[in-house]
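In: Everything below, folded, please.
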Amino acid sequence: MSFLYFQEYFKDGDSWKTFFYEVKKAGKYEGEFLIQPQMDSLATRLTALLKEYPRREKRLEFEEYKQRVLALRESAEGKLTLWKEKLGQQREVEQMLEDYHDFVDTKQLFNTYDTLSSELDKKTEVWRKSAGQ
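Out: Model (predicted):
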């Protein structure tokens with residue numbers, strides 16, 4: 001589950017809780033009587049889920065940035081493997097140099113890595129604090 005999907009899914013959590021407790025209090029929904037032990041169980045589960053949400057949100061945010069850093073690293077390692085190959089013809093060397101400039105300079109590899117790494121450190125600290133570590 002992506003972080004943005006998670007946020008979108010839980011953005012109305014408080015309204016869900018309000019609606020649920022109104023229905024539970026009424027004891028019926030759309031003309032059907034509700035089984036109270038099941039409603040009590042659902043209330044417990046909903047409360048636990050909404051209580052856990054902030055911590056999980058921070059964990060997903062951390063995981064998202066960790067994956068971004070790993071993806072950038074994997075991409076860079078793949079390019080490095082290509083750049084280390086011995087090429088025979090001048091055109092191949094020129095293409096390799098062009099690819100290198102595009103990847104490192106144009107896409108600002110090092111700036112992107114520094115930014116993602118810094119954000120990952122921040123998200124890690126927030127997640128650790130939310131987990132009580």
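In: where along the chain do the strands fall?
Out: 28-29, 32-33 (DSSP state E).
In: Could you check how far the first one is from the centre of its chain?
Out: It stands for strand 28-29. On the basis of Cα atoms, centre = their mean, to the nearest Å, strand 28-29 sits 37 Å off its chain's mean C-alpha point.
In: The lengthiest helix in the chain packs against which elements?
Out: Using DSSP state H to define each element, the chain has its longest helix at helix 36-84. Contact partners of helix 36-84 among helices and strands, from 3 or more Cβ pairs under 8 Å, 6 or more residues apart in numbering; DSSP states H and E: helix 3-10, helix 13-26, helix 90-100, helix 109-130. C-beta here means a position set from N, CA and C on the backbone, and glycine is covered the same way.
In: Ok, which of the strands of the chain comes nearest Q108?
Out: Comparing the strands of the chain against Q108 with Cβ to Cβ, the closest turns out to be strand 28-29 (54.8 Å).
In: re the thing from before, for E119, find the nearest of the strands of the chain.
Out: Comparing the strands of the chain by their distance to E119 (Cβ to Cβ), the top pick is strand 28-29, with 43.9 Å.
In: Now do the closest one: everything it contacts.
Out: With Cβ atoms under 8 Å, 6 or more residues apart in numbering as the contact definition, strand 28-29 has outside contacts at V23, L34.
In: That strand pairs with which strands, parallel or anti?
Out: Sheet pairing for strand 28-29, assigned by DSSP bridges, gives strand 32-33 (antiparallel).
In: who's in contact with the partner strand?
Out: Residues external to strand 32-33 that are found in contact with it (Cβ under 8 Å, 6+ apart): G27.
In: that older thread, tell me the most buried of the strands of the chain?
Out: strand 28-29 (a mean of 12; mean count of other Cβ atoms under 10 Å).
In: what's the distance between Q36 and Y100?
Out: If you measure Q36 against Y100 using Cβ to Cβ, to the nearest Å, the figure is 68 Å.
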